[in-house]
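# build me a model:
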Amino acid sequence: MANVAFIGLGVMGYPMAGHLARDGHQVCVYNRSAAKAEQWVEEYAGECAATPREAAQGADLVMVCVGNDDDLRSVVLGEDGALAGMQSGSVLVDHTTASATVARELAEIARGRSIGFLDAPVSGGQAGAQNGVLTVMVGGEQADFDRAQPVIDAYAKMVRLMGPAGSGQLTKMVNQICIAGVVQGLSEALHFAQCAGLDGIGAMEVISKGAAQSWQLENRHKAMLDGEFEFGFAVDWMRKDLSILLAEARSNGAQLPVTALVDQFYADVQAAGGGRWDTSSLISRLKPAKNS
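Presented below is the predicted three-dimensional model:
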């Protein structure tokens with residue numbers, strides 16, 4: 001069993017850290033809101049610390065799951081940051097969906113202190129975190145990955161090393177491109193079925209057995225037809241991710257016309273007050289045609 005620090009107890013980090021404790025690891029948590037950390041300790045019987053540095057002291061692995069590049073730097077760097085408390089030979093595992101640029105930056109800083117670094121964003125949403133079945137895409141060195149994987153397995157169904165630092169974040173961008181296109185296509189398909197007078201649920205059940213099958217179709221079509229969008233990954237978060245990947249595309253020359261368009265559709269959802277709705281709320285932009 002490992003000594004693990006977990007920094008960031010949001011909707012993803014809280015259950016992820018819980019799985020580590022249930023697996024028998026010694027876990028010390030840090031959260032910007034101390035009350036959340038204290039609540040976690042009451043539930044899982046671990047420990048909490050007042051700063052990321054204190055949480056990281058003596059840890060074999062330090063897991064981080066926060067909001068964005070700036071949040072990540074704030075808990076990793078500086079006098080009270082995690083790196084200041086980490087020991088030589090330990091590994092920093094960043095589960096934040098952030099830029100590949102910050103991943104490479106932190107990897108270089110960590111290397112200078114003889115500390116390993118893995119960028120390891122996750123997919124699977126809140127439900128995946130709670131059920132311990134996340135997909136984890138990882139960038140970094142093989143030796144660091146080999147040390148971290150058995151611990152990450154506590155909350156993952158798939159963990160794969162994709163290449164050097166930054167590769168995990170780039171793979172997460174690929175994931176978000178796919179999701180953006182699939183959800184928009186599903187929204188249009190459901191909208192068309194409604195306008196055509198079809199049984200939308202029946203149509204989805206039929207096509208889900210063929211080439212149109214997807215996780216989004218299987219898990220979201222009923223709620224989308226009912227206009228219910230309270231199931232996890234929020235539009236605000238998706239737009240943050242799309243902003244990161246579109247910036248990366250401008251840098252590497254990738255052409256993403258559909259993704260850029262869907263990003264603007266999500267902006268419409270935000271403008272309509274749906275920033276905290278889940279990503280399937282794209283269908284809210286489409287109004288069923290009135291029957292003549």
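# so what's the residue count around the nearest residue to residue 86 once chain neighbours are set aside?
Closest residue to residue 86 apart from its sequence neighbours, by CB to CB, 6 or more residues apart in numbering: residue 56 at 4.8 Å. Where you see a C-beta, it was placed from the backbone N, CA and C, and this is true even at glycine. Other residues lying near residue 56 total 29 when counted by other CB atoms under 10 Å.
# buried set for the one helix or strand in the chain whose mean pLDDT sits lowest?
Lowest by mean pLDDT, DSSP states H and E among the helices and strands of the chain is helix 125-131, with a mean of 92. For helix 125-131, the buried set under the neighbour-count rule, 16 or more other CB atoms under 10 Å, comprises 125, 126, 128, 129, 130.
# list of residues touching that helix?
Counting by CB atoms under 8 Å, 6 or more residues apart in numbering, helix 125-131 makes contact with 11-16, 122, 134-135, 155, 231-233, all of which sit outside it.
# could you do stretch 143-162 as well?
Around stretch 143-162, the neighbours that count as contacts under CB under 8 Å, 6+ apart are 2, 4, 15-16, 19-20, 22-23, 25, 60-61, 91, 93, 116-118, 120, 122, 124, 129, 132-140, 142, 167-168, 170-171.
# so how far is that stretch from its chain's centroid?
15 Å (CA atoms, centre = their mean, to the nearest Å).
# same check on stretch 174-193?
Relative to its parent chain, stretch 174-193 has a centroid offset of 19 Å by CA atoms, centre = their mean.
# next one: stretch 259-271
On CA atoms, centre = their mean, the centre of stretch 259-271 falls 19 Å from the chain's centre.
# just send the contacts of helix 125-131 back as CSV, with neighbour count and secondary structure too.
Below are the contacts of helix 125-131 laid out as CSV (neighbours: other CB atoms under 10 Å; DSSP: H, G, I helix; E, B strand; the rest coil):
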residue, neighbour count, secondary structure
11, 16, coil
12, 25, coil
13, 23, helix
14, 23, helix
15, 22, helix
16, 26, helix
122, 26, strand
134, 26, strand
135, 17, strand
155, 28, helix
231, 17, coil
232, 20, coil
233, 22, coil
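# which one of these sits closest to residue 36?
residue 14 (7.3 Å; CB to CB).
# quick check: chain neighbours aside, which residue is closest to that closest one?
Once flanking residues are discounted, residue 14 sits nearest to residue 40: 6.2 Å by CB to CB, 6+ apart.
# buried ones in the longest helix along the chain?
Taking DSSP state H as the criterion, the chain has its longest helix at helix 167-195. Residues of helix 167-195 classed as buried: 167-173, 175-177, 179-180, 182-187, 189-191, 193-194 (neighbour count, 16+ other CB under 10 Å).
# what does stretch 112-127 give?
Neighbour-count burial for stretch 112-127, counted by 16+ other CB under 10 Å, picks out 115, 116, 117, 118, 119, 120, 121, 122, 123, 124, 125, 126.
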